[in-house]
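# Fold the following.
(one chain, ligands or ions: 1)
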Amino acid sequence: MFTSDDFQRAANTILDRLTIQPQIGMVLGSGLGKLADELHPRTVIPYAEIPGWPASTVHGHRGNLVIGGLEGQTVAVMQGRAHFYEGYSMQQVTFPIRVMKALGMHTVILTNAAGGINKAYRVGDLMLLEDHINLPGMVGANPLMGPNDETLGERFVGLAQAYDRSLRKKALQVAAWHDIPLYSGVYCSLSGPAFETPAEIRMLRAWGADAVGMSTTHEVLVARHASLRVLAFSGITNCAIDQVDGDLETNHQEVLEAGEIIVPRLTTALKGVLNDFPP
Ligand code: HPA
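Numbers count the residues shown, from 1 in each chain. As a prediction, this is how the structure comes out:
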């Protein structure tokens, strides 16, 4: 278990390198790290230089915290994240979110690569998370388990309004304005690292999931525990396979390739939200 001293130590290491305090944290998922190149001017801090910060071992996750200006805001952008399936604990994978709180941020914007379960979704589409199903969390892999530090947040966290309504509304306006395909849907997280079986995909669809991935929901829990505002996007990198008799197989390469289509759309949407950030 980490303590607030650990989060503060990491925050101080970051602040020592900066002249301006970031207000908004961002996590860029698989294949989406390029968005950080938009920040000007920017400071790049490798995860390995921040005490306690987990490094991602996955291809497509660059492993830097990039802090800089974007559309009039000062943002701290994570190029990649650590995952539960890499062997980290839920406390470790959510460590950066608690550091963002210790840095004095008010909002986190989370992104991920996800498989489309909703039959309308196409590769390259964006989905705004309006709700989630946190399967690992529901069965015990929940980052809020264990002793609760009341200085960080309350024991019992309500999640009926986890995804900030005014931020979602702004994102939808920006997407409509720029003709970007942006759905609103339910994201289901699984631990991974194996992709789902067709039977699992049919089950998740019946349960109301629109997209599936291996991250994000535990970050949302920790962010809401810390009263951070949350906005989250999935980039649909592949259409989840729901039949056993085809020739298709989901793979990480297609996830990374779809990032090429998704990054420009996501960049436009995020810049639009930052440019006219709702109070
Ligand atoms: N399943 C789980 N995680 C994913 C997928 C998927 O199909 N695509 C990208 N991340």
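
# hey, let's count contacts and neighbours off CA atoms from now on
Noted.

# Spatially nearest residue to residue 152 (excluding sequence neighbours)?
Leaving aside its sequence neighbours, residue 152 sits nearest to residue 226 (C-alpha to C-alpha, 6 or more residues apart in numbering; 5.8 Å).

# what bits of the stretch 1-150 of the chain have low per-residue confidence?
Within the stretch 1-150 of the chain, the ranges that satisfy pLDDT under 70 run 60-61.

# Double-check that residue 234 belongs to a strand.
Yes - under DSSP: H, G, I helix; E, B strand; the rest coil, residue 234 falls within a strand.

# sorry, back to before: surely the residue nearest to residue 152 meets residue 151?
No - Residue 226 is beyond contact range of residue 151, at 9.1 Å (criterion: C-alpha atoms under 8 Å).

# Would you mind telling me which of these two has the busier surroundings?
Taking other C-alpha atoms under 10 Å, residue 226 and residue 151 do not tie; residue 226 has more neighbours (21 against 8).

# Pull the contacting residues for the more buried one.
Under the criterion of C-alpha atoms under 8 Å, 6 or more residues apart in numbering, the neighbours of residue 226 are 98, 101, 152, 153.

# With the ligand as the reference, measure out to the last one.
Remark: distance between residue 153 and the ligand (C-alpha to the nearest ligand atom, to the nearest Å) = 29 Å.

# what's around residue 89, how many residues?
Neighbours of residue 89 under the rule other C-alpha under 10 Å: 18.

# okay, now the nearest residue to residue 13 once chain neighbours are set aside: neighbour count?
Distances taken as C-alpha to C-alpha, 6+ apart place residue 50 nearest to residue 13, at 6.4 Å, with adjacent residues excluded. With neighbours defined by other C-alpha under 10 Å, the count for residue 50 comes to 18.

# For the residue nearest to residue 152, give me the pLDDT.
Listed pLDDT for residue 226 reads 97.

# on that earlier part again, of the contacts of residue 226, keep whichever come out buried.
Among those, those buried by neighbour count (16 or more other C-alpha atoms under 10 Å) are 98, 101, 152, 153.

# ok, the residues you listed vs the ligand, which is closest?
The ligand has its nearest neighbour among the buried ones among the contacts of residue 226 in residue 98, at 24.0 Å by C-alpha to the nearest ligand atom.

# Neighbouring strands of the helix or strand encompassing residue 131 in the sheet, and parallel or not?
Counting by DSSP states H and E, the element that carries residue 131 is strand 126-134. Applying DSSP bridges, strand 126-134 is found paired with strand 182-189 (parallel), strand 229-239 (antiparallel).

# Report the distance from the first one to the chain centre.
Average the C-alpha atoms of strand 182-189, do the same for its chain, and the two points are 12 Å apart (C-alpha atoms, centre = their mean, to the nearest Å).

# neighbours around the closest residue to the ligand within the stretch 151-279 of the chain, how many?
Of all residues in the stretch 151-279 of the chain, the one sitting closest to the ligand is residue 213 (3.4 Å; C-alpha to the nearest ligand atom). If you count neighbours by other C-alpha under 10 Å, residue 213 ends up with 22.
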